[in-house]
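[1] give me coordinates for this.
(chains A and B)
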Amino acid sequence: MSDFKFKGSCWVVGDYIPTDQIIKSHRFFLPLAEIAKYVLEDENPRFASAVQRGDVLVAGKHFGQSSGRAIAVKALQATGISCIVAESFARTFYRNAFEVGLPIVEIPGIRGAVIEGDVLAADIPGGEVTIERTGQTLRGPRTNPFLLDMLRAGGVIAIGTRLADSP
Amino acid sequence: MNPIESILARASGKKSVSPGDIVIAEVDRMIMHDLSGYMTSRVYDEKVGKPLKHPERVIMVFDHIFSPPREVEAEVLKSDRDWARKYGIKLLNCGSGNIHNAVARGGFIGPGMVVVGSDSHTPVHGALGAFAVAVGNDCHAGMVFPHGKAWFRVPSTIRIDLHGELRTGTTPRDVALWLVGQIGEDGAVYKALEFGGPFIEELGLFDRWLFPLITVDVGAKCGYIEPDEKVFEFARAANAMQSWSGLDITPRGQRIPEAVLTYDVSKIEPQVACPPTVGNVQSVQAVAGKPIQWAEIGGHGGGRIEDIRMLARVLEGKSVHPDVRLNVVPSSRAVFKQALDEGLVRVLHDAGALWFPPSTGSNQSVNMGAMAAGESMISTHSRNFPGRNGSASASMYLSSALTVGASALSGRVADVREVI
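    Predicted structure coming up:
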């Protein structure tokens, strides 16, 4: 990884996946390593057991909508994925991802352009994803420098004091 | 500046702010419920652990769990209670109502405040003229608890103007559901939605409540309704007016929102948000006849006295269908008392409804409301995603209290206009 550029094979999920489906509420009280075994259990029962460290998750529109629980981000992070690329994210999920330190990027058109297992090269700061199979590069908005700074620090807790004391 | 920009400018010690700016703002209130409180407190103890900067601004409400069904939930509440005592925050115990109604009625929220909460429906407090945003556990732990502050990107504002009179059988909740369908689930991502116009102005506070409630479901950051005398009266009675003075708000006629959306509500029929998402909104006729086993008045936007009155209006002197269990979950203790005083507890009891403690009811089926595969519920809840209430093969339909009542009578999703 050089400054949040990742390469990995991808998993693909659909539009409007709510946090409720990322991790169900009755799993909340388990340790994170256990929680990771139930990520997306209804949406894709194979994902949690077969996902490899460094894989990329590709999602459709408004990924992570519904409840704003940070545990949904932490559960995905605990599966070992390197980043999430989606058509768009729910704002609560988007905020939580940077605050927790999970790289994510919005790339319109991504879901229709990939098939599961494609190897993707994702550039989080630049807002670009290249699909190895087709050679196609898709672009979205560049990541806000403030959020990148938070990501580099590993999340909001690491820089909370600096932010609070800033003029 | 519009009210949201003005609130954010003052809270961050700036003369003015513009959409896109990132600001570090003082937080007036931080609210969390039993589940988010548990997760946030764990993160805080593990990673930060110093005294809270402003414990008096932090409120925890036990609302998903009103009586622990298992040891694991009892441990969650015990941990939350110990944490609240250790850090000196305010705790509203089991049976206080759902988080948002309990804190609003408890006088913790007022016009002009910056409110953050880990619950995604926190923007509902825009109905009281607060800038209210859902932020995650780590932001609370990293900034709000130790420093009393949070970061925000100033949103651009879309004005939504509503006018017209409602048809028989259509309620403010039908209008709010209909709007989700119109705007779309990712139709307003990161925006602030300001609701207004003659229709909104006519509504009471807890009917206005239903509009900022839906903002999260169209992707927006917050909702806002400019407070008027009705809101000030409520806030004065609740002793929550301290943040309203001293804001530099440009009069509405001189403000330029990013966009203005104008809607006539007079053609809207009773609406039902069908599985699998809140945005799958249809007129009731499109789903009428679908069998249901459960019906419920409750949730973050439900269980208001307005909902209970509507339900009683449909059910008075009648009986709930034998195949249906109808749950009534008041949104706060004040609402339950009001229902008692108005004789509605008796009316609904006699019709076969079951009364539950003030709470968030079947929300996420933590304490009640799990369904078996193939079962269906119709409710005033705010969410209908598969798997939230037990089986991922169960169905949740969202509607007004009138439609819930009509459906509870017939055992199927029903058009209230055929009943009243």
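[2] in a strand, A:Leu76, correct?
    No. Using DSSP: H, G, I helix; E, B strand; the rest coil, the assignment for A:Leu76 is helix, not a strand.
[3] could you measure it against chain B, distance?
    13 Å (CB to the nearest CB, to the nearest Å). No exception for glycine: its C-beta is placed from N, CA and C like everyone else's.
[4] near that residue, how many other residues are there?
    28 (other CB atoms under 10 Å in any protein chain shown).
[5] so who does it touch?
    A:Ile22, A:Val39, A:Leu57, A:Ile84, A:Leu102 (CB atoms under 8 Å, 6 or more residues apart in numbering or on different chains).
[6] before we move on, what about B:Ala406?
    B:Val314, B:Ala414, B:Asp415, B:Val416, B:Glu418, B:Val419, B:Ile420 are the contacts of B:Ala406 under CB under 8 Å, 6+ apart.
[7] change it to 10 Å
    By CB atoms under 10 Å, 6 or more residues apart in numbering or on different chains, B:Ala406 lies in contact with B:169, B:270, B:284, B:288, B:295, B:311, B:314-315, B:378, B:399-400, B:412-420.
[8] thinking again about what came up before, in CSV, list the contacts of A:Leu76 along with secondary structure, neighbour count and distance to chain B.
    As requested, those are exported to CSV (DSSP: H, G, I helix; E, B strand; the rest coil; neighbours: other CB atoms under 10 Å in any protein chain shown; distance: CB to the nearest CB, whole Å):
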residue, secondary structure, neighbour count, distance to chain B
A:Ile22, helix, 26, 10
A:Val39, coil, 24, 13
A:Leu57, strand, 24, 18
A:Ile84, strand, 27, 16
A:Leu102, coil, 21, 11
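[9] top strand in chain A by residue count?
    Using DSSP state E, we find that the single longest strand of chain A is strand A:5-12.
[10] who does that strand touch, helix- and strand-wise?
    strand A:56-59, strand A:83-86, helix A:110-113, strand A:119-123, strand A:128-131 (3 or more CB pairs under 10 Å, 6 or more residues apart in numbering or on different chains; DSSP states H and E).
[11] what ranges of chain B fall below the confidence cut-off?
    The model of chain B has no residue with pLDDT under 70.
[12] which single residue in the stretch 151-300 of chain B comes nearest to chain A?
    Residue of the stretch 151-300 of chain B nearest chain A, by CB to the nearest CB: B:Asp186 (4.0 Å).
[13] please name the nearest non-neighbouring residue to that residue.
    A:His62 (4.0 Å; CB to CB, 6 or more residues apart in numbering or on different chains).
[14] contacting residues around the nearest residue to A:Arg53 once chain neighbours are set aside?
    Among residues not flanking A:Arg53 along the chain, A:Gly80 sits closest, at 3.8 Å (CB to CB, 6+ apart). Each residue near A:Gly80 by CB under 10 Å, 6+ apart is listed here: A:Gly8, A:Ala36, A:Val51, A:Gln52, A:Arg53, A:Gly54, A:Asp55.
[15] and B:Leu166, how far from A:Leu40?
    41 Å (CB to CB, to the nearest Å).
[16] for B:Ala394, same thing?
    18 Å.
[17] try B:His64
    B:His64 is 23 Å from A:Leu40, by CB to CB.
[18] what of B:Leu311?
    Distance, B:Leu311 to A:Leu40, by CB to CB: 37 Å.
[19] between those two, which one's more packed in?
    Using other CB under 10 Å as the criterion, B:Leu311 and A:Leu40 rank with B:Leu311 on top: 28 against 21.
[20] correct me, but the more buried one touches B:Ala295?
    Yes. Shown here, B:Leu311 and B:Ala295 form a contact pair, counting by CB atoms under 10 Å, at 9.2 Å.
[21] which neighbours do these two share?
    In contact with both B:Leu311 and B:Ala295: B:Leu326, B:Val328, B:Ala353, B:Thr380, B:Ala401, B:Val404, B:Gly405, B:Ala406, B:Ala408, using CB under 10 Å, 6+ apart.
[22] can you pick the most crowded of those?
    B:Val404 leads the shared contacts of B:Leu311 and B:Ala295 on contacts (other CB under 10 Å) with 35 neighbours.
[23] verify the stated contact: that one with B:Gly303.
    No. Between B:Val404 and B:Gly303 there is no contact, the gap being 11.3 Å when judged by CB under 10 Å.
[24] got any residues that touch both of the two?
    B:Glu296, B:Ile297, B:Asn327, B:Val328, B:Thr380, B:His381.
[25] what about the third one, neighbour count?
    Here the number of neighbours of B:Asn327 (other CB under 10 Å) works out to 22.
[26] which ones are touching it?
    Applying CB under 10 Å, 6+ apart, the residues near B:Asn327 are B:294-298, B:303, B:353-356, B:361-362, B:368-369, B:377, B:379, B:404, B:408.
[27] the second one too?
    Applying CB under 10 Å, 6+ apart, we find B:Ile297 in contact with B:303-304, B:307-308, B:310-311, B:326-331, B:348, B:353, B:356, B:361, B:379-381, B:400-401, B:404-405, B:408.
[28] quick one: the strands in the stretch 101-250 of chain B?
    B:114-117, B:131-134, B:149-153, B:157-163, B:192-196, B:222-224 (DSSP state E, counting those that start in this stretch).
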